[in-house]
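> return a 3D structure for these sequence lines:
(3 chains)
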Amino acid sequence: MPSLHIVNKSSLDSNALTSCLAVATPGDSVLLIEDGVYSVLDPSWLQTLLHAHLEIYVLAEDMQARGLAAGSLDSRIRCVDYAGFVALACRCARTVSWS
Amino acid sequence: MKFTIVVQAAPAASQSAWSAYQFTRSALAVGHEIYRVFFYGDGVHNTNSLSVSPQDEFDLVSAWTALLSEHGIDAISCVSSALKRGVLDAGEADRYERGCANLSPAVTLSGLGQLVDATLVSDRVITFGA
Amino acid sequence: MSEHARRTLTFITRKPPYGQSGAKATLDMVLSAAVFDQQVHYIFMGEGVLQLRRGQQPGAIDAKDLSAAFSALPLYDVDSIHVEAEALQARGMSAQDLVIPVKVASAADIATLIHHSDTVFNL
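Sure, this is the predicted structure:
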């Protein structure tokens, strides 16, 4: 069963997301929360994502707080709210937090 | 599902403690059980009832106390983390002659064994503020 | 102690010693989990590999020697200790530079360990 990787730092500021992607298994989910949502501004990260066979999510409340429009996201990234975050944690077998 | 929430970040230092609080509330709202909330490392600052929040800011320490009490959640601050950071219950305040106890009334001090136990019993463990 | 089936608990550490906290916090959790007789995997990634570096003299900064504590791991039956190959390489280090015997792990090895764990801590 897949893992839910929770990343709370921007790919532009920290290696947390890079480290996460290196050890994620195809079929895992990655949820960007807190400053992690700023990664959507990083075009190079999106390229890595395309080849990784992962499901990518961003947390709506953190996007909104930071003035990032969910509507402008790449279609491969899904926006979820806290209820969706809880549902993801249930659907995946385990969570791994990356900071 | 039975969740254990691990909180490692202080309320003022980053957003993570708030994220943990919001996740906990959201899980309860859809009917999940919170088996334990474990405050570890700087997370114990969330359980310091001496903290005073500015009037125009969200008072996360009080919010945790209210949430944990309202739902009768088993909330623990790691005793070694708490002692180091000056978060004491009455017993420790006496033992170390510190003059006052400031641990939130909704929380008890205990060891890492309680976190391991929670890990073995819960369906999901989620950590905030690594 | 709860009577549930033996679980696999994996602890990842990515923090260097001394300059910031986190290294000891992870070690303390590993030892607690080992006392509960669970399957424990201890994984050092990124800057975390520096915790195991030989020749540390933390007395110079009034700190306790973290690397010395790792020699106690076998006493707790913690023998699944993995160090990220790429992290060693990036720092010009090899397993010979470390204070204890370890398994040098590729990213794929670590992914597999994570995928087969019940709970993962990445403090």
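> enumerate the residues of chain A near chain C.
A:3, A:15, A:19, A:22-25, A:93-99 (C-beta under 8 Å from any C-beta of the partner chain). In short, each C-beta sits where N, CA and C put it, glycine included.
> quick check: the farthest pair among these?
A:15 and A:93 (25.0 Å; C-beta to C-beta).
> just the buried ones from the residues of chain A next to chain C?
By neighbour count, with 16 or more other C-beta atoms under 10 Å in any protein chain shown, the residues of chain A next to chain C hold A:3, A:19, A:22-25, A:93-99 as buried.
> what stretches of chain C score poorly on pLDDT?
Low-confidence regions of chain C, defined by pLDDT under 70, span residues C:1-4.
> just the residues of chain A next to chain C: which are in strands?
Using DSSP state E, the members of the residues of chain A next to chain C that fall in strands are A:3, A:94-98.
> which residues in chain B form helices?
Counting by DSSP state H, chain B has helices at residues B:16-29, B:60-70, B:79-84, B:90-95, B:113-121.
> which residues does whatever residue of chain B ends up closest to chain C contact?
With C-beta to the nearest C-beta, the shortest gap between chain B and chain C falls at residue B:112, namely 4.0 Å. Counting by C-beta atoms under 8 Å, 6 or more residues apart in numbering or on different chains, residue B:112 touches B:40, B:78, C:28-29, C:32.
> from residue C:32, how far off is it?
According to C-beta to C-beta, to the nearest Å, residue B:112 stands 4 Å off from residue C:32.
> what backbone torsions are found at residue A:5?
The phi and psi values for residue A:5, taken as degrees, to the nearest 10, are phi -90, psi 130.
> contact partners of the lengthiest helix in chain A?
When chain A is parsed with DSSP H, its longest helix is helix A:82-91. The contact list for helix A:82-91 (C-beta under 8 Å, 6+ apart) reads A:2, A:4, A:29, A:31, A:33, A:57, A:59-61, A:80, A:95, B:1, B:3, B:22-23, B:25-27, B:29-30, B:32, B:124, B:126.
> let me know the average pLDDT across stretch B:71-91.
For stretch B:71-91, mean pLDDT is 98.
> for stretch A:23-40, same thing?
For stretch A:23-40, mean pLDDT is 97.
> in it, what counts as buried?
Going by 16+ other C-beta under 10 Å, stretch A:23-40 has these buried residues: A:23-25, A:28-40.
> hang on, the earlier thing: pLDDT value on the residue of chain B closest to chain C, please?
pLDDT, read off for residue B:112, is 97.
> next one: phi and psi at it?
Dihedral angles of residue B:112 (phi, psi; degrees, to the nearest 10) stand at phi -60, psi -20.
> if I look at it, how far off is chain A?
From residue B:112 across to chain A, the span is 18 Å (C-beta to the nearest C-beta, to the nearest Å).
> hang on, the earlier thing: turn the ones in strands among the residues of chain A next to chain C into TSV, columns for distance to chain B and pLDDT.
Formatted as TSV, those follow (distance: C-beta to the nearest C-beta, whole Å; pLDDT from 0 to 100):
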residue	distance to chain B	pLDDT
A:3	11	98
A:94	7	98
A:95	5	98
A:96	9	98
A:97	5	98
A:98	7	98
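> for the closest residue to residue A:53 other than its chain neighbours, what are its contacts?
Nearest non-adjacent residue to residue A:53, counting by C-beta to C-beta, 6 or more residues apart in numbering or on different chains: residue A:26, 3.7 Å away. Residue A:26 makes contact with A:52-54, according to C-beta under 8 Å, 6+ apart.
> next one: residue B:118
Residue B:118 touches B:4, B:35-36, B:38, B:125, counting by C-beta under 8 Å, 6+ apart.
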